[in-house]
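[1] Next comes the sequence, and after it the predicted model I'd like to discuss.
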Amino acid sequence: MRILFASLGSVGHAYPLIPLAAAARNAGHEVHFAAGESVHAPLAANGLRPFRPADSFYELYAEDLEPELARLQPDLVVHEWGLPGAAIATHRAGIPGIWHGFGRMFPEGIGLESPTRNTDAPGLPHIDICPPSLQDKDFLATEDRIELRPTPYSAPTAPPTLRQLSSTPLIYVTFGTAFGTPELLETTIKAVARLDARIVVATGRVPVGQLHGMPDNVTVRSWVSQADLLPHVDMVVHHGGSGTTLGALSVGAPQLILPQGADQFANADAVTAAGAALRLLPGELSRDAIADSGRMLLPVHGRAEHRDAARAIADEIARMPSPADVAGRLPEYTKWG
């Protein structure tokens, strides 16, 4: 079977699709991946035949994909929530298509068109990587969902030596690849560094050289293999992006979420309501507030409720179908519609 995956050309949108695409390839299917060139290297490393339709770099529109559908003639298209144009092109071509989520169903007003309201490609099922206990209740009640365990993926890196045996807690700080400023990172890092912990920071779009006066217990890198690091952390301090939120939940790590935009406020609300996180809004950010909240989440201070809640969600995630399980079901959807 020939399957075409399609995503926006960014880590936060392409990486959630890689586990299923790789599982489909491992199951013997011919897999192609349409996306901007910025994510081609990890896609190619996984044997996913990446290509850039037309002149697209980030977004893909229906007219970008239509010639590629005619060329490849896939049996199935898996397009992520950020690509309504791919859903439209697939529907027009009469090819079965499936949405692929990147986390919790996002609210209106964040700059993305809701896939549940796409009248040009109605009624498509959704591959849903959000644990049901955190998913939007209306989405759960109204949409055809295919549950898939969220599986963190990071491009291979050569990280610093982070795995020394130590009783000192390990805290991971990131604002992802699209958010964060030098001022925000410095405030957060220097607040968390007050805690008795080792700190690992991924600066994302902020050059490491723009951060000054880093404390001795802080390791700063522009990029860290999040999938490799997360199983070892005791707490994650981050912006509330879907990938980091689900990755931390997958390993049962409590979170301090400092949302900055997009779907991050809704993610922070959901994980905080579940008891697995604390949240500080932009107007509440200070070194004292960040340090005090972080201290409440660390196990050395005897507060177990947030960790227990995070571990309960980790158990829920572990029970969700694996990428291999869902890849085995994909041929069923070639008859969709």
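    Received the coordinates, thanks.
[2] which ones are touching Tyr333?
    Leu76, Pro96, Ile98, Pro125 (C-beta atoms under 8 Å, 6 or more residues apart in numbering). Every C-beta, even on glycine, is put in place using the N, C-alpha and C of the backbone.
[3] Could you list the low-confidence segments of the stretch 201-337 of the chain?
    Low-confidence segments of the stretch 201-337 of the chain, defined by pLDDT under 70: 301-302, 336-337.
[4] how about 50 then?
    Across the stretch 201-337 of the chain, nothing is flagged by pLDDT under 50.
[5] Please, where are all the strands along it?
    Remark: strands assigned in the stretch 201-337 of the chain by DSSP state E, counting those that start in this stretch are 218-221, 235-238, 255-257, 277-279.
[6] Any chance of the ones you listed in a markdown table with distance to Leu112 and mean neighbour count as columns?
    As requested, the strands of the stretch 201-337 of the chain are arranged in a markdown table below (distance: least, C-beta to C-beta, whole Å; neighbours: other C-beta atoms under 10 Å):
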| stretch | distance to Leu112 | mean neighbour count |
| --- | --- | --- |
| strand 218-221 | 29 | 18 |
| strand 235-238 | 20 | 28 |
| strand 255-257 | 20 | 27 |
| strand 277-279 | 22 | 24 |
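[7] any chance of those in CSV, plus distance to Ala193?
    CSV is the format used below for those (distance: least, C-beta to C-beta, whole Å):
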stretch, distance to Ala193
strand 218-221, 5
strand 235-238, 11
strand 255-257, 14
strand 277-279, 18
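[8] So Val78, which state does it fall into?
    strand (DSSP: H, G, I helix; E, B strand; the rest coil).
[9] quick one, what contacts the residue nearest to Ile129 when sequence neighbours are not counted?
    Of all residues not flanking Ile129 in the chain, Pro150 sits nearest, at 4.2 Å (C-beta to C-beta, 6 or more residues apart in numbering). Neighbour list for Pro150: Pro16, Gly103, Ile129, Cys130, Pro131, Leu246, Gly247, Leu249, Ser250, Ile317, Met320 [criterion: C-beta under 8 Å, 6+ apart].
[10] just Phe139 next, same as before
    Neighbour list for Phe139: Met105, Thr116, Arg145 [criterion: C-beta under 8 Å, 6+ apart].
[11] can you check Gly241 too?
    Gly12, Gly176, Ala178, Phe179, Ala262, Asp263, Gln264, Asn267.
[12] Write the PyMOL selection for whichever of the residues you listed are buried.
    In PyMOL syntax, the buried subset of those is picked out as below (16 or more other C-beta atoms under 10 Å):
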select buried, resi 12+176+179+262+263+264+267
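[13] List the ones among the contacts of Gly241 that fall in helices.
    Of the contacts of Gly241, the ones assigned to helices by DSSP state H are Gly12, Gln264, Asn267.
[14] Gly103 is in contact with the first one, correct?
    Think Gly12. No. If you go by C-beta atoms under 8 Å, Gly12 and Gly103 don't touch, sitting 9.1 Å apart.
[15] shared neighbours of those two, anything?
    Common neighbours of Gly12 and Gly103 (C-beta under 8 Å, 6+ apart) are Ser242, Gly243.
[16] hang on, the earlier thing: from the contacts of Gly241, which two are the most distant?
    Within the contacts of Gly241, Ala178 and Asn267 form the most distant pair, 14.3 Å apart (C-beta to C-beta).
[17] ok, Val77 touching His100?
    No. With contact defined as C-beta under 8 Å, Val77 does not count as touching His100 (10.1 Å).
[18] shared neighbours of these two, anything?
    By C-beta under 8 Å, 6+ apart, the residues touching both Val77 and His100 are Phe5.
[19] Looking at those two, which one has more neighbours?
    Remark: of Val77 and His100, Val77 carries more neighbours, 28 against 25, as counted by other C-beta atoms under 10 Å.
[20] Roughly how far does the more buried one sit from Ala327?
    15 Å (C-beta to C-beta, to the nearest Å).
[21] Likewise for Asp75?
    14 Å.
[22] Contact partners for the residue lying closest to Ala27 once chain neighbours are set aside?
    Sequence neighbours aside, Ala327 is the residue nearest to Ala27 in space, at 4.8 Å (criterion: C-beta to C-beta, 6+ apart). For Ala327, the contact set (C-beta under 8 Å, 6+ apart) comprises Leu20, Ala23, Ala24, Asn26, Ala27, His29.
[23] closest to Ala304 out of the strands of the stretch 201-337 of the chain?
    So among these, strand 235-238 is nearest, using C-beta to C-beta, at 13.0 Å.
[24] what pairs with that closest one, and is each one parallel or antiparallel?
    strand 170-174 (parallel), strand 255-257 (parallel) (DSSP bridges).
[25] What is the distance between that strand and the centre of its chain?
    14 Å (C-alpha atoms, centre = their mean, to the nearest Å).
[26] And for stretch 233-253?
    10 Å.
[27] can you give me the end-to-end distance of stretch 28-45?
    17 Å (C-alpha to C-alpha, to the nearest Å).
[28] Quick one, which of the contacts of Pro150 are buried?
    Pro16, Gly103, Ile129, Cys130, Pro131, Leu246, Gly247, Leu249, Ser250, Ile317, Met320.
[29] for Pro215, phi and psi?
    Here is the backbone geometry of Pro215 (degrees, to the nearest 10): phi -60, psi 160.
[30] Good, wrapping up.
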